[in-house]
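Trainee: Fold the following.
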Amino acid sequence: MDLARYVVEAVVLEGRSYREVARAHGVSKSWVGKLLQRFRDGGYPAIEPRSKAPKHIPHRTCSEVEAEIVALRKELSDQGLDAGAQTIHYHLSVRRDPVPSVSTIWRVLRRRGFVTPQPHKRPRSSFIRFEAQLPNECWQSDATHWSLAGGTEVEIVNVIDDHSRLAVAARVLKVATAAKALEVFLEAGARWGLPAALLTDNGCIYTTWHRGGPNVMQTELLALGIDYRHSRPYHPQTCGKVERFHQTMKAFLARQPRARSMAGLQVQVDRFVAYYNEVRPHRARGRITPRAAFEAREKARPSGPRIRVGAGMRVRRDRIDNTGKVTLRHRTRLHHVGVGRAHAGKRVVMLIDGLDVRVLSEDGELLRHLTLDPSRSYQPRR
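Mentor: Numbers count the residues shown, from 1 in each chain. The predicted structure follows:
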């Protein structure tokens, strides 16, 4: 039995005085009097504990705005688009003025059960972030898988600009090959301008360094003077921007009717890319669209030497070590080629045609030209 009911019954049923009951239970006489008055007015229900929450909160978001926030959340989620508080804030800012803050929108979503607060697994300060300073300074590319309505597996080759996050290409292919990936890359270059560098993973459609020579993509990049960079094996975080784009695109596609053909899937992908580039504000770019970020600055251009690789020739990129040497393999045997301590730390391109080896700097300067002696592990400078 709670204290309020006990006090009421002690006074009403036992006939004890207010003062006696108050002194026995450590409460004030006036509180006992108010409790008895509530009992006489409404009986036992009137002495039940009352909520102390304010009946009116002057600064609370009105129900009309809350309903609009919820409707936007459902609309964006149903389309498979980003429906976070910041995106909703952007869409509301187009429709009304003033607009609730991002934190207010987040609290509305949490109160309505759309958000479950979760602690971050890792603080943002621990991440090592990199970003190109100019549009077209570096592109990222990768291929991902998707399935059609009949279960047919297809691939989508995506290319995004590292600085602006602009999706410069998104092509649906039956099978992603090096030739097709190059075709997608060159079409994007014709529309948006060629980049100064391309960053990819170690997929064979992009690189075959590990197989002893360049593929068609690497050969063309050398001829165009575009620097090619690849992540270390089993480390997709290096290409995190395009990997995140895959995730966002697939969330959209999962909400669409499953396409029955490659052409139908390409229509869905094109619709998403148009929204992603020109409508959806990007959090990493200060809540402006990727297209606006891309057009806000001067564009970078290819600046490397244009190197033509002949048939039967292989190309190797390396960095000169502290002792002035680079390494290459000939018939499984590792050879060390002396270039000079003065060039220590410099990145180089080695053109290897049989036993003929040319070591070039990234600016195209010839640092060493030699005929490899297969019987010697070290090839000294003459």
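Trainee: Chain neighbours aside, what residue packs nearest to Val279?
Mentor: Nearest residue to Val279 in three dimensions, chain neighbours excluded: Thr289, at 6.7 Å (CB to CB, 6 or more residues apart in numbering). Using the backbone N, CA and C atoms, a C-beta is placed for each residue, glycine as well.
Trainee: What distance do you get for that neighbour to Thr177?
Mentor: Note on Thr289: its distance to Thr177, by CB to CB, to the nearest Å, is 32 Å.
Trainee: Next: Thr61.
Mentor: According to CB to CB, Thr61 and Thr177 sit 53 Å apart.
Trainee: out of everything not next to it in sequence, what's closest to Met262?
Mentor: Val172 is the one closest to Met262 (CB to CB, 6+ apart), at 5.1 Å.
Trainee: so the one you found, which of the three states?
Mentor: At Val172 the chain is in strand, as set by DSSP: H, G, I helix; E, B strand; the rest coil.
Trainee: Tell me how many other residues surround Ser51.
Mentor: Neighbour count for Ser51, taken as other CB atoms under 10 Å: 6.
Trainee: What are the phi and psi values at it?
Mentor: Note on Ser51: backbone dihedrals following degrees, to the nearest 10 are phi -70, psi 140.
Trainee: Ser147 now?
Mentor: The phi and psi values for Ser147, taken as degrees, to the nearest 10, are phi -120, psi 140.
Trainee: How many residues are close by it?
Mentor: Using other CB under 10 Å, the number of residues around Ser147 comes to 12.
Trainee: With adjacent residues omitted, what lies nearest to it?
Mentor: Closest to Ser147 by CB to CB, 6+ apart is Glu153, at 5.4 Å.
Trainee: list the contacts for that neighbour?
Mentor: Glu153 sits next to 145-147 when contact means CB atoms under 8 Å, 6 or more residues apart in numbering.
Trainee: quick revisit: who's the residue nearest to Met262 bridged to?
Mentor: For Val172, the beta-bridge partners are Ile156 (DSSP bridges).
Trainee: Quick check: it touching Gly264?
Mentor: No. The pair Val172 / Gly264 is not scored as a contact, 9.3 Å apart, by CB atoms under 8 Å.
Trainee: between these two, which one's more packed in?
Mentor: Val172 (22 against 16).
Trainee: Could you check how far that one is from Lys346?
Mentor: 41 Å.
Trainee: Might one say that Asp201 is in contact with Cys239?
Mentor: Yes. With contact defined as CB under 8 Å, Asp201 and Cys239 form a contacting pair (5.6 Å).
Trainee: Could you name every residue contacting both of the two?
Mentor: 142, 231.
Trainee: where along the stretch 1-150 of the chain do the strands fall?
Mentor: 139-147 (DSSP state E, counting those that start in this stretch).
Trainee: what stretches of it score poorly on pLDDT?
Mentor: 1, 117-128 (pLDDT under 70).
Trainee: now do 80
Mentor: Low-confidence segments of the stretch 1-150 of the chain (pLDDT under 80): 1-2, 13-15, 47, 49-62, 116-129.
Trainee: Give me the pLDDT for the spatially most central residue of the chain.
Mentor: For the chain, the residue nearest the mean C-alpha position is Arg244 (3.5 Å; CA atoms, centre = their mean). Note for Arg244: predicted pLDDT of 93.
Trainee: how close does it sit to Gln133?
Mentor: 20 Å.
Trainee: more neighbours, Thr289 and Thr177?
Mentor: It is Thr289, of Thr289 and Thr177, that has more neighbours when counted by other CB under 10 Å, with 21 against 18.
Trainee: Mind jotting down where the helices sit in the stretch 151-300 of the chain?
Mentor: 178-192, 216-224, 240-254, 262-278, 290-295 (DSSP state H, counting those that start in this stretch).
Trainee: of those helices, which approaches Gly338 most closely?
Mentor: Nearest to Gly338 among the helices of the stretch 151-300 of the chain is helix 216-224 (24.3 Å), distances taken as CB to CB.
Trainee: quick one: contacts of the closest one?
Mentor: Under CB under 8 Å, 6+ apart, the answer for helix 216-224 is 178-179, 181-182, 185-186, 194, 198, 205-209, 214, 227-228, 302, 306-309, 315, 349.
Trainee: Check the model's average confidence along that helix for me.
Mentor: Mean predicted confidence for helix 216-224 is 85.
Trainee: Can you list the buried residues in that helix?
Mentor: 217-222, 224 (16 or more other CB atoms under 10 Å).
Trainee: Could you check the angle that helix makes with helix 178-192?
Mentor: Taking axes from the mean of the first three to the mean of the last three CA atoms, to 10 degrees, one finds that helix 216-224 is oriented at 40 degrees with respect to helix 178-192.
Trainee: mind checking how far the residue nearest to Gln379 when sequence neighbours are not counted is from Gly364?
Mentor: Among residues not flanking Gln379 along the chain, Val337 sits closest, at 4.7 Å (CB to CB, 6+ apart). As judged by CB to CB, Val337 and Gly364 stand 18 Å apart.
Trainee: Looking at these two, which one has more neighbours?
Mentor: Set Val337 next to Gly364 and count neighbours by other CB under 10 Å: Val337 wins out with 23 against 12.
Trainee: how far is stretch 299-310 from where the chain is centred?
Mentor: The gap between where stretch 299-310 is centred and where its chain is centred comes out at 29 Å by CA atoms, centre = their mean, to the nearest Å.
Trainee: What of stretch 246-256?
Mentor: The chain centroid and the centroid of stretch 246-256 are separated by 13 Å, computed with CA atoms, centre = their mean.
Trainee: Give me the contact list for stretch 98-118.
Mentor: Applying CB under 8 Å, 6+ apart, the external contacts of stretch 98-118 come out as 61, 65-66, 69-70, 73, 85-86, 88-89, 92-93.
Trainee: ok so, going back, for the residue nearest to Gln379, give the beta-bridge partners.
Mentor: Val326, Gln379.
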